[in-house]
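*Asks:* Give me coordinates for this.
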Amino acid sequence: MHSANIFSGRSFRRLTAALIISGASCLGLSVAATAQEAQKMMSAAVNRLKIKLTLHDWTGQLITTEIMGEVLKKAGYSIEYVQADYLAQFAGLETGDLHVAMEMWETTGREAMDAATATGKVENFGPTGMKAKEEWWYPSYMTEKCPGLPNWEALKEEACAEAFSTAETAPKGRYLGGPVTWGGFDDERVEALDLPFEVIHAGTDAALFAELESAYQRQAPIMLWIYAPHWAPAKYEGQWVEFPEYSSECYNDPAAGINPDAAYDCGKPFGEIWKVGWAGVKDKWPGAYEAIKAFTIDNDEMGKMITEVDLDGKTVSAVVADWMAANEARWSGWIKK
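*Replies:* Okay, here's the model as predicted:
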């Protein structure tokens, strides 16, 4: 008597096929799970790579940059603040050694920004929401000594120039410009408009406004670079000089302005304060890219925060922490879910 086979040939083949299919399915699930884990690990590794945000030498930019940095940290990104020259930073942004610059002013940085974005290696991330104004400014008590102001042509008068002079510059007037790294073309403007003024550059933002405070308290003559958003135009009574209206042609074509032999024979441009950065941010950190583009703040908000730091003595970090706490619903909307 033969022992009975537990499986017939056909049954065995069916079972074998089922086991193979089951094993393949398990293997497929395992591979898929492994791929998902790998993707998560890669995303985490990318987020741990530090996004480098540049810092400059004026309070508002430090505030803007730290707000953005704190928002990115809330989204899980690692960030690093890197001190960089305002205009020279574009070399690092083009190579990807630097990643984000939160304030590029239309008034002083447009030409450098356009040249960098034209390479395709730097991207304009859009406006910050703040509007920039930078120009020569004088306190109202100087109007009596130079009654033709704010018309720029009054500065060409000998008596007016001498009213703004110091022992070091007399008989020429003295104009206190921003740090050399800010650009602004004031030396070129003086030459193009044949103004009897000597341009002296402040070493730092703090030194610029310390000199204004000292002169204002003594009612001493001063003509200097003032910008907005800032607390100074609100604290001190004064006016901006009205130069011939800016045009891009004025900066680039001598024939376009009132002096046919020189460029920069007009005032500074007014306009947006832009966010710019390395073009690779979009692909490397897409969530951060969206948050940076979404960032917006206005002149009034920024002016109040600058006042808290420069006049009330708070630290930038403390002011930023207060802003973050008061605006959580707002900045959390910038973070891509």
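
*Asks:* Setting the sequence-adjacent residues aside, check what's closest to Phe185.
*Replies:* Setting aside the residues directly before and after it, Phe185 is nearest to Tyr264 in space (CB to CB, 6 or more residues apart in numbering), at 4.7 Å. Every C-beta, even on glycine, is put in place using the N, C-alpha and C of the backbone.

*Asks:* which residues of this protein fall in helices?
*Replies:* 9-48, 59-74, 89-95, 106-117, 158-163, 186-192, 205-218, 232-235, 248-252, 281-284, 286-294, 299-310, 316-326, 328-332 (DSSP state H).

*Asks:* Now do the same contact list for the residue nearest to Phe185.
*Replies:* Neighbouring residues of Tyr264 by CB atoms under 8 Å, 6 or more residues apart in numbering: 185, 188-189, 191-192, 250-251, 257.

*Asks:* The residues you listed into TSV, with extra columns for neighbour count?
*Replies:* Listed next are those as TSV, based on neighbours: other CB atoms under 10 Å:
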residue	neighbour count
Phe185	17
Glu188	15
Arg189	24
Glu191	15
Ala192	20
Cys250	23
Tyr251	19
Gly257	21
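
*Asks:* where does the stretch 151-300 of the chain have low pLDDT?
*Replies:* Along the stretch 151-300 of the chain, the model assigns pLDDT under 70 to no residue.

*Asks:* 90 - rerun?
*Replies:* The stretch 151-300 of the chain contains residues with pLDDT under 90 at 181-184, 234, 248, 269.

*Asks:* Over to the stretch 1-150 of the chain?
*Replies:* 1-48, 57, 106-111.

*Asks:* quick one: Trp58 from Glu144, how far?
*Replies:* Distance, Trp58 to Glu144, using CB to CB, to the nearest Å: 31 Å.

*Asks:* So for these two, which residue has more residues nearby?
*Replies:* Set Trp58 next to Glu144 and count neighbours by other CB atoms under 10 Å: Trp58 wins out with 22 against 8.

*Asks:* correct me, but the more buried one touches Asp205?
*Replies:* Yes - taking contacts as CB atoms under 8 Å, Trp58 lies within contact range of Asp205: 4.2 Å.

*Asks:* related to what we said a few turns ago, deepest of the helices of the chain, which one?
*Replies:* For these, the largest average neighbour count (mean count of other CB atoms under 10 Å) is found in helix 59-74, namely a mean of 22.

*Asks:* Just list what that one packs against, helices and strands only.
*Replies:* Contacting helix 59-74 under the criterion 3 or more CB pairs under 8 Å, 6 or more residues apart in numbering; DSSP states H and E are the following elements: strand 51-55, strand 79-83, strand 100-105, helix 286-294, helix 299-310, helix 316-326, helix 328-332.

*Asks:* Direction-wise, compare it with helix 286-294 and give the angle.
*Replies:* 150 degrees (axes from the mean of the first three to the mean of the last three CA atoms, to 10 degrees).

*Asks:* Now do helix 59-74: distance to the chain's middle.
*Replies:* The chain centre lies 10 Å from the centre of helix 59-74; the measure is CA atoms, centre = their mean, to the nearest Å.

*Asks:* what residues does it touch?
*Replies:* By CB under 8 Å, 6+ apart, helix 59-74 touches 51, 53-56, 79, 81, 100, 102-103, 128, 205, 229-230, 288, 291-292, 295, 297, 302, 305-306, 309-310, 316-317, 319-321, 323-324, 331-332, 334-335.

*Asks:* Pull the contacting residues for Trp182.
*Replies:* Contacts for Trp182 (CB under 8 Å, 6+ apart) come out as 86, 108, 225.
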